[in-house]
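Enquirer: Coordinates for the following, if possible.
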Amino acid sequence: MSRRKGQPIITSKEDGSFREALKLYESKQYKKSLKLTEGILKKNSNYADAYALKALLLHFLNEPTDSESYVGKAIAKNPDSPIINHVLGILRRNQLNYVEAAKFFKKALDNGATNKQIWRDLSTMEVQNRDYKNLSISRHAYLEEFLGFRANWTGLATAHHLNKDYAAAEKVLTKFEELAKGKLTDAEMYEHSELQLYKNHLINEQDTERALKDLDELDTLDKLDEMESRAKYLMKLGRSKEASKGYRQLLKRNPDNFKYYTLLEASLGTLTKSPKYRDALYQKLVKFYPRSDAPRFI
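Expert: As a prediction, this is how the structure comes out:
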């Protein structure tokens, strides 16, 4: 079978040398890797992947002009090579050119890259570019490859959250809860507790009444977050009297938190009252919390 124009002629020896050059790069032995890469190109000037690696190595050796010349050579030799596009994506990422980096990573995947970790690299670039729509796609593809890790489920949920698709984010976390039920160790329970609270906040973005009911059914380890969220939801639902009780409980827990006093006033409706009226309120609060400077200062 004839070789396509621009397709590198790869011998097993050169292929092995290239893998060794990649290992040297990963261990940050850039000069040794460059020497090996130049040796490959000397023997085979059609080895396109080596041009891309040389461009990356020259960048780390502070030779930006020469680095860019090899970027052009690599693309000219084989623009569709998944290895070239992956390497050039890493180069652009290190140059903080996240838009170009995302394009290279995406092209590497579109052209059959077998390294599925590129989906994670691509999603990181999409976060930098605020490209949340495509971020959801990338995180979903990455999750499909590595289903067994909680971080990948929360990563996809967060991507949907950033894209303001709260229902999809909630659905992802619910699915993970179903799969993980009965399989979590004691060491994982705190993280699971935080995940439940995060899901509850996502529910609040859709339906505060449902979020309040969900909160009542939870038994998490972060009681402070539960208390703050409950008071917040009650205020949002117009149940200010119940909310004021919640803020008084929070003040009892931490009377030095200035924010709680403001929120208590909001629930009592005193923020717009006269200074004299508010002063009377704080005189009472000083008696309730004699060891706290906050009400006295306010």
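Enquirer: OK, contacts around residue 251?
Expert: Listed by C-beta atoms under 8 Å, 6 or more residues apart in numbering, the contact set of residue 251 reads 257, 260-261, 264, 285, 288-289. Placement of C-beta: from N, CA and C, glycine included.
Enquirer: Apply 7 Å and report the result again.
Expert: Going by C-beta atoms under 7 Å, 6 or more residues apart in numbering, residue 251 touches 260, 264, 289.
Enquirer: Find the nearest non-adjacent residue to the last one, please.
Expert: Spelled out, that is residue 289. Leaving aside its sequence neighbours, residue 289 sits nearest to residue 255 (C-beta to C-beta, 6 or more residues apart in numbering; 3.8 Å).
Enquirer: Next, that neighbour: phi, psi?
Expert: phi -70, psi 0 (degrees, to the nearest 10).
Enquirer: Tabulate the contacts of residue 251 in CSV, adding columns for secondary structure.
Expert: Formatted as CSV, the contacts of residue 251 follow (DSSP: H, G, I helix; E, B strand; the rest coil):
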residue, secondary structure
260, helix
264, helix
289, coil
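Enquirer: Alpha carbons only: can I get the helix or strand where residue 139 lies in PDB?
Expert: For residue 139, the host element (DSSP states H and E) is helix 132-145. Extracted as PDB, the C-alpha positions of helix 132-145 are listed here (Å, rounded to 0.1, in the frame of the first residue of the first chain):
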ATOM      1  CA  TYR A 132     -19.600  26.400  29.400                       C
ATOM      2  CA  LYS A 133     -21.800  24.900  26.700                       C
ATOM      3  CA  ASN A 134     -18.900  22.900  25.300                       C
ATOM      4  CA  LEU A 135     -17.500  22.300  28.800                       C
ATOM      5  CA  SER A 136     -20.600  20.200  29.500                       C
ATOM      6  CA  ILE A 137     -19.900  18.100  26.400                       C
ATOM      7  CA  SER A 138     -16.200  17.600  27.300                       C
ATOM      8  CA  ARG A 139     -16.900  16.700  31.000                       C
ATOM      9  CA  HIS A 140     -19.600  14.200  29.900                       C
ATOM     10  CA  ALA A 141     -17.200  12.600  27.400                       C
ATOM     11  CA  TYR A 142     -14.500  12.400  30.100                       C
ATOM     12  CA  LEU A 143     -17.000  10.900  32.600                       C
ATOM     13  CA  GLU A 144     -17.900   8.200  30.100                       C
ATOM     14  CA  GLU A 145     -14.300   7.100  30.000                       C
END
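Enquirer: sorry, back to before: now the residue nearest to residue 289: how far from residue 189?
Expert: 30 Å (C-beta to C-beta, to the nearest Å).
Enquirer: cool, and residue 214?
Expert: Taking C-beta to C-beta, one finds residue 214 at 18 Å from residue 189.
Enquirer: for the residue nearest to the spatial centre of the chain, phi and psi?
Expert: In the chain, the residue lying closest to the centroid (C-alpha atoms, centre = their mean) is residue 155, at 5.9 Å. In terms of degrees, to the nearest 10, the main-chain angles of residue 155 are phi -60, psi -40.
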